[in-house]
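Asker: Next input, structure requested:
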Amino acid sequence: MTLAAETPAPVPLPHSDPNLLARRLGYTGLIPLIAGALFVWLLVGRIDEEPFAFVVRALSSYAALVLSFLGGMRWGLVMPSSQWHGLVPGYQRRALWTGVTFSLVAWVGLLMPPHAGLAWLGGWLIACYLADRKHYLELGAAGWLTLRFRLTVVASLCCFVAAAQI
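Answerer: Have a look, this model is predicted:
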């Protein structure tokens, strides 16, 4: 018997789609990113340095919070998996480590100069989505991927647009 035959696939949760409230809250969560990027774009060189720096810090901080939240989502999705008997060995451990990694790279993005930090965070938002594509499929949350894609595109573009203006 081969090792592949001994390793069972994870048992996915029932397929679910985001409900109306989840979609509305997801899109509402983009407001600080869109407003921050818009303010940076419109205000660069037009206002004093201190209020401009506040807007940039606010945008960077919120993007880092979003990335940390997405890392926490991985934890939330695998917590019920500790009860599954068909879980692939090491699967939960990888998901938990990856979740913490997203929080750590968000923190690094906050420590970087704003133009680099925003680009860093935008790139990691995309990386998080790409990692979650497989993860959500395995856990039966594929219905959330369309919303995640849309939110990721807007969030990362906001980070990139703001970084390009600084």
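Asker: Quick one: the helices in the chain, in order.
Answerer: 3-6, 20-28, 31-43, 49-78, 91-111, 114-138, 145-165 (DSSP state H).
Asker: mind giving me a markdown table with those and columns for mean pLDDT and mean neighbour count?
Answerer: To be clear about C-beta, it is placed using only N, CA and C from the backbone, and glycine gets the same treatment. A markdown table is the format used below for the helices of the chain (pLDDT from 0 to 100; neighbours: other C-beta atoms under 10 Å):
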| stretch | mean pLDDT | mean neighbour count |
| --- | --- | --- |
| helix 3-6 | 50 | 7 |
| helix 20-28 | 97 | 12 |
| helix 31-43 | 96 | 18 |
| helix 49-78 | 93 | 18 |
| helix 91-111 | 91 | 17 |
| helix 114-138 | 93 | 20 |
| helix 145-165 | 97 | 19 |
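Asker: is it true that Arg23 touches Thr146?
Answerer: No - Arg23 is beyond contact range of Thr146, at 9.7 Å (criterion: C-beta atoms under 8 Å).
Asker: Now the common contact residues for these two.
Answerer: By C-beta atoms under 8 Å, 6 or more residues apart in numbering, Arg23 and Thr146 have no common neighbours.
Asker: which residue packs closest to Val56, ignoring adjacent ones?
Answerer: Pro114 (4.6 Å; C-beta to C-beta, 6 or more residues apart in numbering).
Asker: Need the residues that contact stretch 52-70.
Answerer: Residues outside stretch 52-70 that contact it (C-beta under 8 Å, 6+ apart) are 29, 32-33, 36-37, 39-40, 43-44, 102-103, 105-107, 109-110, 114, 117-118, 121-122, 124-125, 128, 132, 155, 158-159, 162, 166.
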